[in-house]
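Asker: Sequence below, structure please.
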Amino acid sequence: MREIVTTDIDSSLLPKWQEGYIRTRKAILECLGFKLLEVIIRPSGEALPWLETKTKGKGFHVWWHIETPKPLSDLERLELQFYLGDDTGRIWINHLRITERHNPHWEKIFGYITWRSPLPEPCKSCMLRKYLEEISKCHT
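Answerer: I've put the predicted structure just below:
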């Protein structure tokens, strides 16, 4: 079975050591019983093909295409992201999203909002929220 595991690398050094970086991650994956099929690396500020806008990136996003004996659970995927060198703050936040909030949309990586939880009723009519949204439109 083919799975894709994503990582967020907050370092501008990746191009200098890319070959060794991929080689060491491949060794980690093989040690854990997975086969590396393909690696895609993009600067984190580069627009994704299906989106027109750019983000303000300082590092890289990596897609690890791997062969797995069975589908990965959310915690297994998160653990692999950790072993592959993902941003540790992001790992901790995603761990809480999985274990505490049971959020099926826990895997956020690209700085794009792919899903947002529905706004509670009291918040919909909050004047402060409306005012802040109005101000933010002036600065975009």
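Asker: Read off the pLDDT value for His61.
Answerer: At His61, the pLDDT value in this model is 87.
Asker: hang on, it in a strand?
Answerer: Yes - membership of His61 in a strand is supported by DSSP: H, G, I helix; E, B strand; the rest coil.
Asker: ok, it - contacts?
Answerer: 6-9, 41-44, 109-110 (CB atoms under 8 Å, 6 or more residues apart in numbering). (Each C-beta comes from the backbone N, C-alpha and C, glycine too.)
Asker: Of those residues, which is the most crowded?
Answerer: Thr7 (23 neighbours; other CB atoms under 10 Å).
Asker: In stretch 10-23, which residues are buried?
Answerer: Within stretch 10-23, the residues that count as buried by 16 or more other CB atoms under 10 Å are 14, 21-22.
Asker: just the contacts of His61 now: which is nearest Glu67?
Answerer: For the contacts of His61, the residue nearest Glu67 by CB to CB is Thr6; the value is 16.4 Å.
Asker: what secondary structure does the closest one sit in?
Answerer: Going by three-state DSSP: Thr6 is strand.
Asker: Ok, the one 5 residues further on next?
Answerer: Here Ser11 takes the coil state, with states given by three-state DSSP.
Asker: Can you tell me which of the buried residues of stretch 10-23 end up in helices?
Answerer: 14, 21-22 (DSSP state H).
Asker: burial count for the residue lying closest to Tyr83 once chain neighbours are set aside?
Answerer: Spatial nearest neighbour of Tyr83, excluding adjacent residues (CB to CB, 6 or more residues apart in numbering): Ile28 at 5.4 Å. Using other CB under 10 Å, Ile28 has 14 other residues around it.
Asker: for the helix or strand hosting Ile28, packing partners?
Answerer: Per DSSP states H and E, Ile28 falls inside helix 14-31. Applying 3 or more CB pairs under 8 Å, 6 or more residues apart in numbering; DSSP states H and E, we find helix 14-31 packed against strand 35-43, strand 60-67.
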